[in-house]
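> I would like the atomic coordinates for the input below:
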Amino acid sequence: MNAQAIKLYNSLEKHINRDAAEEFIAKLPLSKSADHVKKFKWANDVCAYLEECFSEDEIRKIRSDCSCSPGSKAEKMKLIYESSADFVEFCEKFNKEYAPANSLSADGDVLYFSYPTCYCSCVQRGDGNVSKSWCSCTIGYTEKLFSHALSRKVQVELLESVKTGGEKCVMQIK
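This next block holds a predicted model:
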């Protein structure tokens, strides 16, 4: 089974129940060897399934929990943040390190994290758009990344996404 399908199974089991996870995997299996065309179709099918079966809040929890790990980037960002006097300096240092792959800006106590392209291995090479439900995983990634870097729980809202027709992916962080 594909790693993305395993993440979804585990998240459904955690946030809904085992029966929902078993039903999902029976209806929407994805093999390890799936190419980008199959992954893209699967992602769209997953969104349709989730949107048919669960509330928007449940979908956000399920998909956020499926996010990739920020890995060592979270620790590097924490060091950048801790060496900064304020959010403005943090953004400047962050952008020096990570732009143009990622960018960060501040408006008072609110941060805006963005990237110019979709990095999701399931949909980035797919032809067309996906539902915003799919992109909820980036909320989870951003929460993990910035909660660690700032040493406090953050709230993230997805404002724009490449794969839903936006010019870039943009998250608001409070």
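> Look up how far Val88 lies from the residue nearest the centre of the chain.
In the chain, the residue lying closest to the centroid (Cα atoms, centre = their mean) is Thr138, at 1.3 Å. Remark: distance between Thr138 and Val88 (Cβ to Cβ, to the nearest Å) = 24 Å. Every C-beta, even on glycine, is put in place using the N, C-alpha and C of the backbone.
> Repeat that for Arg125.
Arg125 is 36 Å from Val88, by Cβ to Cβ.
> So the residue lying closest to Ser161 once chain neighbours are set aside, which state does it fall into?
Of all residues not flanking Ser161 in the chain, Cys135 sits nearest, at 4.3 Å (Cβ to Cβ, 6 or more residues apart in numbering). Using DSSP: H, G, I helix; E, B strand; the rest coil, the structure places Cys135 in helix.
> Is Cys135 in contact with Lys163, as I believe?
Yes - counting by Cβ atoms under 8 Å, Cys135 touches Lys163, with 6.1 Å between them.
> Please enumerate the helices of the chain.
With DSSP state H, the ranges of helices along the chain come out as 3-15, 18-27, 36-53, 56-64, 72-82, 87-98, 137-150.
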